[in-house]
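S.K.: Provided below for reference: sequence and predicted model.
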Amino acid sequence: MGDSLALRLVAILFPIFGIVAAGYFYARHHKPEMAVANRLNMDVFVPALVFAAMAGKSFDLAAFAPLALGGFLVLASCGLLAWPIAKLLGIHPKIPDEKEGTKVAVKCDMCKDIKEGPVCVRACPVGAALRVALTPGPVRRARCHRLQ
């Protein structure tokens, strides 16, 4: 019986590890761009997999009503607790609209010692981020202006 179980495990796991190994060595050799594949997986295939798994099962709404109510209460209480704490700390939940001309970006200080400047400013895809006018507070904020 032990040999049969070991053979079944190898028969199940070997193809998985083989595919992972092949993908690893292919990626090391060819350096493929995976952003599109990752977005496709997360936006299409994962929801389709969840839907397919749930579509095959029966669902009794009355049996799960307490769970749904509990989930709603947890989420609502988190928001109701966070609102006065944010007000107390001076964190404003509203970000200015595009009509107002500027947006507020929260930025860390992990790359403050880099002489070329913050990585997020250099990596901004539209050249819109510029670190100016830091405001005091528990979270350091910088205004982002579009560079012309």
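M.R.: Received it, and whenever you're ready, just let me know what you need. Numbers count the residues shown, from 1 in each chain.
S.K.: only C-alpha atoms for contact and neighbour calcs from this point on.
M.R.: Noted.
S.K.: give me the number of residues near Pro84?
M.R.: Using other Cα atoms under 10 Å, Pro84 is surrounded by 12 other residues.
S.K.: what is the rounded mean pLDDT of the helix or strand that contains it?
M.R.: Element membership of Pro84 [criterion: DSSP states H and E] is helix 65-89. Mean pLDDT, helix 65-89: 91.
S.K.: Roughly how far does Tyr24 sit from Phe17?
M.R.: According to Cα to Cα, to the nearest Å, Tyr24 stands 10 Å off from Phe17.
S.K.: An error on my part: the question was meant for Phe59.
M.R.: Phe59 is 35 Å from Phe17, by Cα to Cα.
S.K.: What is the longest helix of this protein by residue count?
M.R.: helix 2-30 (DSSP state H).
S.K.: could you point out which element follows that helix?
M.R.: According to DSSP H and E, the helix or strand after helix 2-30 is helix 35-40.
S.K.: The next helix or strand after that following helix - what's its average pLDDT?
M.R.: Toward the C-terminal end, the helix or strand that comes next after helix 35-40 (DSSP H and E) is helix 46-55. Across helix 46-55, pLDDT averages out at 91.
S.K.: Let me see the domain layout of this protein.
M.R.: 2-55, 98-144 (automatic domain parsing).
S.K.: any idea which of those domains scores lowest on pLDDT?
M.R.: domain 98-144 (a mean of 59).
S.K.: So Glu116: helix, strand or coil?
M.R.: Secondary structure for Glu116, judged by DSSP: H, G, I helix; E, B strand; the rest coil, is coil.
S.K.: residues near it, how many?
M.R.: Glu116, neighbours per other Cα under 10 Å, totals 10.
S.K.: can you check Trp83 too?
M.R.: 14.
S.K.: now Ala86: how far from His30?
M.R.: Applying Cα to Cα to Ala86 and His30 gives a distance of 48 Å.
S.K.: Alright, calling it a day.
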